[in-house]
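>>> Sequence first, predicted coordinates after that:
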Amino acid sequence: MSSTGRRAPANLDIRYRTVNGDPSAVLFDADAPFAVMVLDLAPEGDLVRGVYTVTNPDKLAHVDDD
């Protein structure tokens, strides 16, 4: 279960988008965004320095499904 208390839907659709200027994986439940995941890569691109996930529905309201 996520920190918001919501369970992930069984059939998430993953779409790759740019969110706030960062390449991101956006997880959709039907046409509604469920989560955004961003990888923080080292400048060389060979090391992941962090993984950031947003699941707050209020913060996902601006994410499009196209």
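Yes, it's here.
>>> longest strand in this structure, by residue count?
strand 32-41 (DSSP state E).
>>> Now do the contacts for the spatially most central residue of the chain.
Among the residues of the chain, the one closest to the centroid is residue 36, at 1.2 Å (Cα atoms, centre = their mean). Neighbouring residues of residue 36 by Cβ atoms under 8 Å, 6 or more residues apart in numbering: 19, 24, 25, 26, 27, 53, 54, 60, 63. Every C-beta, even on glycine, is put in place using the N, C-alpha and C of the backbone.
>>> ditto for residue 24
16, 17, 18, 36, 37, 38.
>>> returning to that earlier point: okay, the longest strand of the chain in PDB with CA atoms only?
The C-alpha trace of strand 32-41 is given here as PDB (Å, rounded to 0.1, in the frame of the first residue of the first chain):
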ATOM      1  CA  ALA A  32      -6.600   9.400 -14.300                       C
ATOM      2  CA  PRO A  33      -2.900   9.700 -13.200                       C
ATOM      3  CA  PHE A  34      -2.200   7.500 -10.200                       C
ATOM      4  CA  ALA A  35       1.500   8.300  -9.700                       C
ATOM      5  CA  VAL A  36       4.600  10.000 -11.200                       C
ATOM      6  CA  MET A  37       8.000   8.500 -10.800                       C
ATOM      7  CA  VAL A  38      11.200  10.400 -11.600                       C
ATOM      8  CA  LEU A  39      14.800   9.000 -11.600                       C
ATOM      9  CA  ASP A  40      17.600  11.400 -10.500                       C
ATOM     10  CA  LEU A  41      20.500  10.300 -12.600                       C
END
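>>> Okay, buried residues for it please.
33, 34, 35, 36, 38 (16 or more other Cβ atoms under 10 Å).
>>> Just flag the most distant two among those residues.
Within the buried residues of strand 32-41, 34 and 38 form the most distant pair, 14.8 Å apart (Cβ to Cβ).
>>> List the contacts of the closest residue to residue 41 other than its chain neighbours.
The shortest distance from residue 41 to any non-neighbouring residue, by Cβ to Cβ, 6 or more residues apart in numbering, is to residue 48 (6.1 Å). Contact analysis of residue 48 by Cβ under 8 Å, 6+ apart lists 39, 40, 41, 42.
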